[in-house]
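Generate a structure from the sequence data that follows.
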Amino acid sequence: MEVRIYYEDTDCGGVVYYANYLKYFERARTQYLEARGLSVAGLMTEGSVFVVVRAELDYRSPARYGETLVVETVVSEVTAASFTFSHVIRERESQRVVVEGSARLAATDGNGKVTRLDKAMVAALQSGARSA
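Model prediction:
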């Protein structure tokens with residue numbers, strides 16, 4: 001997924017504001033799921049809500065106003081009730097690594113109670129999962 005950096009994404013020095021990378025991760029996760037036939041809106045309607053229970057980011061180099069970033073996303077782990085996305089963000093032209101990170105999501109019933117992942121969803125997630 002590509003993200004073009006606009007002025008609104010940056011701090012007063014023209015560098016991407018650090019918290020915006022979490023937004024980029026979120027967008028990439030949604031696209032990853034939708035590419036595998038899993039609509040986040042549809043899952044919510046069916047009573048499956050995913051909550052981020054852990055997020056980690058390692059900032060490697062600054063991204064700046066006017067650059068275009070590429071977000072690479074894979075599922076690195078799937079358990080009975082959660083899954084972890086791993087992300088690498090690179091600047092498109094130079095391919096330099098800007099941010100690396102991950103987010104673990106837990107499945108809930110919409111009322112905050114953790115539930116098991118549906119077998120079809122596990123299969124869809126594992127179809128794109130990275131080998132351990």
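
for the top helix by length along the chain, packing partners?
The helix spanning the most residues in the chain, taking DSSP state H as the definition, is helix 20-35. Counting contacts by 3 or more C-beta pairs under 8 Å, 6 or more residues apart in numbering; DSSP states H and E, helix 20-35 packs against helix 40-45, strand 49-59, strand 68-78, strand 82-91, strand 97-108. Where you see a C-beta, it was placed from the backbone N, CA and C, and this is true even at glycine.

Any buried residues in that helix, and which?
20-22, 24-25, 28-30, 32-33 (16 or more other C-beta atoms under 10 Å).

residues near the closest residue to residue 82 other than its chain neighbours, how many?
Excluding the flanking residues, the one nearest residue 82 by C-beta to C-beta, 6 or more residues apart in numbering is residue 106, at 4.5 Å. Here the count is done by other C-beta atoms under 10 Å, and residue 106 has 18 residues near it.

From what I see, residue 106 and residue 51 are in contact.
Yes: with contact defined as C-beta atoms under 8 Å, residue 106 counts as touching residue 51 (5.6 Å).

Is residue 63 in contact with residue 70, as I believe?
No: using C-beta under 8 Å, residue 63 makes no contact with residue 70, being 10.9 Å away.

Tell me how many other residues crowd residue 80.
Look at residue 80: counted by other C-beta under 10 Å, it has 10 neighbours.

got any ranges where the chain has weak pLDDT?
Applying pLDDT under 70 to the chain flags the ranges 128-132.

again, 90 this time
Scanning the chain for pLDDT under 90 picks out 35-48, 110-112, 118-132.
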